[in-house]
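# prediction below, plus the sequence it came from.
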Amino acid sequence: MKFSKPENAMLKAIISFLSTILIIYILNTSWLVNGKRIPPLGKFLDPMHGFWQNAEPENFTGQKELNLKGLHDAVTIVYDSLLIPHIFANNDDDLYLAQGYITATHRLWQMEFQTHASAGRLASILGVGPDSAILNYDRSQRRLGLVFAAQNALDSIASDPTSKRILEKYTDGVNQYIQSLSYEDLPLEYKLMDYKPEEWTQLKCGLLLKSMNQTLNMGDKDMQMTNALHLFGKEMVDILYPDRESNSDPIVDNPGGWKFDPIKFDSIPLALPDEAISISGLETPDPTIGSNNWAVSGSKTKSGSPILCNDPHLNTTLPSIWFAAQLNAPGVNTMGVTLPGVPLVIIGFNDSIAWGITNAQRDVVDWYKITYQDKSRSKYLLDDKWKDTQKQVEEIHVRDGAIFYDTVIYTTWGPVTYDETFRGQNENSNYAFRWISHDPSNEFMAFYQLNRAKNHSDYMKALDHFAAPAQNIAFASVSGDIAIRIQGKYPVRRKDEGKYVLDGSKSANGWQAFIPFDQNVMSKNPERGFVSSANQYPVDETYPYYVTATSYEAYRNRRINQVLRDASNITVKDMMKLQNDNLNLKAKEALPVFLSALDSTSFKLKENEAYQILKSWDYVNNVDSEGATYFEAWWNTVMSLTWDEMNNSTTSLSRPTSFNTVKFIQEKPDFSFFDIQQTPEKETAKEIIIKSFQLAVQDVQKWKEDKHEPARWGDYKDTFIQHLARLEPFSVHVEHGGNNSCVNASTRTHGPSWRMIVSLHKSGVNAMATYPGGQSGNPGSAHYTDLLQAWSHGEYYKLHFLKNPKQDATKMFFSTQLKPAAQ
Amino acid sequence: MKFILQVFTIATLAYVSELFLPWWSVAIAAGIIGYFIKSNANFFAGFLAIGLLWLLMALQIDNASPSHLAEKIAMIFTVTKPILMIITSLLGGIVGGLGALTGSLLRLDKNKSAYYK
């Protein structure tokens, strides 16, 4: 017998055992490989718990029955074939608890990720990012006071027992879903980035609302305007950036109809600043964000009933920004889109009315220059006295790194966003941020009442709770009324106030009063038979308050109004056509001017080809159009060559509008700005147009050669619906026409995030809708992008607006019962 | 014959244990079987059992889902779907193999034990 060494066998066993433990440890841990995070591979790839579990089988349905704590009664949720939940509850408490639970079921990761982004906490998930971009984003969010704003909103919400209750119930619903999750049930992104959802809070609902405020209500170019004033002088600034453009077709045109006593100030002429603002990396506001809504009265429709339409243009992302739902309980039956993470229906309709929103452009942001007593920044000058600052130390947790501490100083104006420690270039660059959305307000009550409104007077009462973000809220009712109201909390401004950076040492520079809500711009049943808004200038010149904003839309609004004015016997199909209208009014106005500047005898071959295409183009930005491609490329080059002064400058400046640029080309061809700074010659508008044409043709030609295909507009624009965490495989490219000056305002990354058409018949409300995404937030679900194709083709789904959970049963997909759990 | 029995029982126990425990429980399942049903290729038995179990389950899930999720995940890892399946299977196999080997090594032969006393 061979002599064996038992200690040798034992050693082998120990080595084998330790190797097993080691490999499990390695595969159960997330690692950074070349700066890229990889998930714990064993955990992630295990088919029984890992990402495979997120791949839903065909016709996957949720559980038929669930027990939730805190329910008074059973709740029935019927899902239709688009995975839209129709929630039927016996009371409000149960309704909003169920809404929280159901929304979280489909959108939890998105809800939480967006609140982390809003609160400036992304670095805790993603690390500091390349060039500290994520850390800087977080710092910026903290310094803009997003949490401060959300907390103020929350205090206001809590002061009303109804809104407090809604928020509590919704939060409870979300949390019960979170508590039910084990690793295999986690949304995919948590597994991929290896983290876990934390407890949902009411503050997070507030953070989502404020994130929407940031998108819509933070438009501002005060610093750029201050720089322009310093460089070009007041006279030139007024030419470059007029308050009001000559194209105006305002939202409400009611000359002489403003019969109220406006608030007036004893006019103290404002001191204009004369300084260059040395803040680096200022973002120029994106003029392409906007929306359309309109309501036509029964007198203009074929059926005799009003029709309301809305398409809010936002960053088109996945998971989709909206989540469609129907909410039904005694006293309420409403349907439309909800904001994941926020209770109630935000845009939609009920049995009696419909409402739609677009952003109301208005200046509700100001910057105040702060003078500190000394380097300790403990006191600042206000009305000749030294006043105490408040210091808030922001603790930014960084994944795989040390906590970053950032001291943010609060003044009477708000947080000091920019200073020497953040983007300011010297110790005198201290600017405090005054933002209307920092003020307490309770928009939940506005939506709570809109969801239940029966008529115009209910709608008006609901809007009295609405302060921010300021919106143009269109309305139509089964009883035949149409209306629009430009609702928000607006400071009463003196002329030119708020356009430039203000002196923060004088409290008189602050907002002294706000326009009373009943003096806001509004209109009911106007003679022309329709109301509409598309982010244009709000009102005629007789409105007694000074109105200013970063920019106003110049083209979509005129196209919409022209079509609606000319139309009669309007059908739902006509409205679909208008929402998807790709006529480019900007091109129609600018292209003939551009073409007439060219000299066709001196063309190179490709230029002649482009010229012929453009000459015969119908100004429609359809998917197949090559003319649109050439025009847009040309247009962009004209803008950047004309306004090269704005790009080259070391100080931040903002470009004048498209509309004004065309006006200058026609009326001031020798305008000094047409001179290209880098060339010795003195150019005029004509040379700019010719040079831009040559460059644009070269660009398009290069694109064609790279892609080996004709430059169809749909391909050239390349509409891109991007995943929120910018994960390319979870994002989608889609062929879609339009552009920012078309009614179908679809740019590469922004566009109609929800298209809705509601007919308000006395016999019942019918609605058609679509959006670029799908109801499920799970990239492993068939419902992740199932609405996208219809959206891109301009097609709509009929919404099942149910009276009871049994209606249309054959068209429904599955149902879930929520039952009260034993406490 | 014992080898086939070993592979089959490891796969079965691993499947059952994963219903209740995290992914690494496959190592424990393989270890237990490795201890009680020892063959002359214990690592390979564990490797084959878990590797096949994970591969078949991944194939089945992928086949049932119209979502193309496996392709998308493969793109994130800059590989193709078949490679992702193989990696899945391989990782499960290694953990299963080591588990089974450890289990088998922990059981010393009876006569050796007697000698030891």
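Great, that's in hand.
# so where's chain B shaky on pLDDT?
B:109-117 (pLDDT under 70).
# same thing but 80
Along chain B, segments meeting pLDDT under 80 span B:1, B:108-117.
# buried set for the longest helix anywhere in it?
Using DSSP state H, we find that the single longest helix of chain B is helix B:81-106. Buried residues in helix B:81-106, counted by 16 or more other C-beta atoms under 10 Å in any protein chain shown: B:81, B:84-86, B:88-106. To be clear about C-beta, it is placed using only N, CA and C from the backbone, and glycine gets the same treatment.
# over to stretch A:440-447?
Quick answer for stretch A:440-447 (16+ other C-beta under 10 Å): A:Ser441, A:Asn442, A:Glu443, A:Phe444, A:Met445, A:Ala446, A:Phe447.
# re the thing from before, is chain A contacted by the longest helix of chain B?
Yes. Using C-beta under 8 Å from any C-beta of the partner chain, we find that helix B:81-106 touches chain A at B:84, B:87-88, B:91-92, B:94-95, B:98-99, B:101-102, B:105-106.
# what packs against that helix?
helix A:6-27, helix A:41-45, helix B:2-20, helix B:25-36, helix B:42-64, helix B:69-76 (3 or more C-beta pairs under 8 Å, 6 or more residues apart in numbering or on different chains; DSSP states H and E).
# so A:Ser731 sits against A:Gln722, correct?
Yes. Assessed by C-beta atoms under 8 Å, A:Ser731 is found in contact with A:Gln722 at 4.6 Å.
# quick one: common contacting residues for those two?
Residues touching both A:Ser731 and A:Gln722 (C-beta atoms under 8 Å, 6 or more residues apart in numbering or on different chains) are A:Leu318.
# quick check, central residue of chain B?
Geometric centre of chain B, nearest residue: B:Ile50, 2.0 Å, by C-alpha atoms, centre = their mean.
# contact partners for that one?
Contacts for B:Ile50 (C-beta under 8 Å, 6+ apart) come out as B:Ile10, B:Ala11, B:Ala14, B:Val26, B:Ala30, B:Gly92, B:Gly93, B:Val95, B:Gly96, B:Gly97, B:Gly99.
# show me what contacts the closest residue to it other than its chain neighbours?
Spatial nearest neighbour of B:Ile50, excluding adjacent residues (C-beta to C-beta, 6 or more residues apart in numbering or on different chains): B:Gly96 at 2.7 Å. Applying C-beta under 8 Å, 6+ apart to B:Gly96 gives the contacts B:Ile10, B:Ala14, B:Val26, B:Ala27, B:Ala30, B:Gly46, B:Phe47, B:Ala49, B:Ile50, B:Gly51, B:Leu53.
# and the third one, how far is that from chain A?
Separation of B:Val26 from chain A (C-beta to the nearest C-beta, to the nearest Å) stands at 8 Å.
# and the nearest residue to that residue once chain neighbours are set aside, how many neighbours?
Residue nearest to B:Val26 in three dimensions, not counting chain neighbours: B:Ala14, with 4.3 Å by C-beta to C-beta, 6+ apart. Using other C-beta atoms under 10 Å in any protein chain shown, B:Ala14 has 29 other residues around it.
# and if you look at the one 10 residues further on?
B:Trp24 is surrounded by 21 other residues when neighbours are defined as other C-beta under 10 Å.
# swap in A:Arg362?
Neighbours of A:Arg362 (other C-beta under 10 Å): 25.
# cool, and the one 3 residues further on?
Neighbours of A:Val365 under the rule other C-beta under 10 Å: 20.
# please name the nearest non-neighbouring residue to it.
A:Asp220 is the one closest to A:Val365 (C-beta to C-beta, 6+ apart), at 3.9 Å.
# hmm, the one you found is touching A:Gln361, no?
No. A:Asp220 is beyond contact range of A:Gln361, at 11.2 Å (criterion: C-beta under 8 Å).
# these two: who's more crowded?
Neighbours around A:Asp220 and A:Gln361, counted as other C-beta under 10 Å, are more numerous at A:Gln361. The numbers are 26 against 23.
# now the residue lying closest to the more buried one once chain neighbours are set aside: phi and psi?
The shortest distance from A:Gln361 to any residue other than its chain neighbours is 3.9 Å, reached at A:Ala549 (C-beta to C-beta, 6+ apart). Main-chain torsions, A:Ala549, degrees, to the nearest 10: phi -160, psi 170.
# burial of A:Ala549, as a residue count?
22.
# A:Glu626 contacts A:Pro710, doesn't it?
Yes. Contact criterion C-beta under 8 Å: A:Glu626 and A:Pro710 qualify, at 6.1 Å.
# of these two, who's got more company?
Ranked by neighbour count (other C-beta under 10 Å), A:Glu626 and A:Pro710 place A:Glu626 first, with 19 against 11.
# so who does A:Gly414 touch?
Counting by C-beta under 8 Å, 6+ apart, A:Gly414 touches A:Gly145, A:Phe148, A:Ala432, A:Phe433, A:Arg434, A:Trp435, A:His438.
# related to what we said a few turns ago, ok, the residues of helix B:81-106 next to chain A vs A:Ser741, which is closest?
The shortest gap between A:Ser741 and any of the residues of helix B:81-106 next to chain A belongs to B:Leu84, at 44.2 Å (C-beta to C-beta).
# ok, and the closest non-adjacent residue to that closest one?
Leaving out its chain neighbours, the residue that sits closest to B:Leu84 by C-beta to C-beta, 6+ apart is B:Ala74, at 4.2 Å.
# distance-wise, check B:Val95 relative to B:Phe43.
According to C-beta to C-beta, to the nearest Å, B:Val95 and B:Phe43 sit 11 Å apart.
# would you mind measuring from A:Gly356 to A:Ser303?
Distance, A:Gly356 to A:Ser303, using C-beta to C-beta: 19 Å.
# show me which of those two is the more surrounded one.
With neighbours defined as other C-beta under 10 Å, A:Gly356 and A:Ser303 compare such that A:Gly356 has more, 30 against 17.
# just give me the longest helix of chain A.
The longest helix of chain A (DSSP H) is helix A:92-119.
# show me which positions of the least confident helix or strand in chain A by mean pLDDT end up buried.
Between all helices and strands in chain A, the lowest mean by mean pLDDT, DSSP states H and E belongs to helix A:644-648, at a mean of 81. Of all the residues in helix A:644-648, those buried under the rule 16+ other C-beta under 10 Å are A:Asp644, A:Glu645, A:Met646.
# residues in contact with B:Thr88?
The contact partners of B:Thr88, taken as C-beta under 8 Å, 6+ apart, are A:Leu45, A:Pro47, A:Trp52, B:Trp54, B:Leu55, B:Ala58.
# neighbour-wise, which of these leads?
When neighbours are counted by other C-beta under 10 Å, B:Trp54 leads the contacts of B:Thr88 with 30 neighbours.
# which SS state does A:Gly206 fall under?
At A:Gly206 the chain is in helix, as set by DSSP: H, G, I helix; E, B strand; the rest coil.
# I figured it hits A:Gln151, correct?
Yes. Between A:Gly206 and A:Gln151 there is a contact under C-beta under 8 Å: 7.0 Å.
# who's more crowded, those two?
The neighbour count for A:Gly206 versus A:Gln151, taken as other C-beta under 10 Å, is higher for A:Gly206 (28 against 17).
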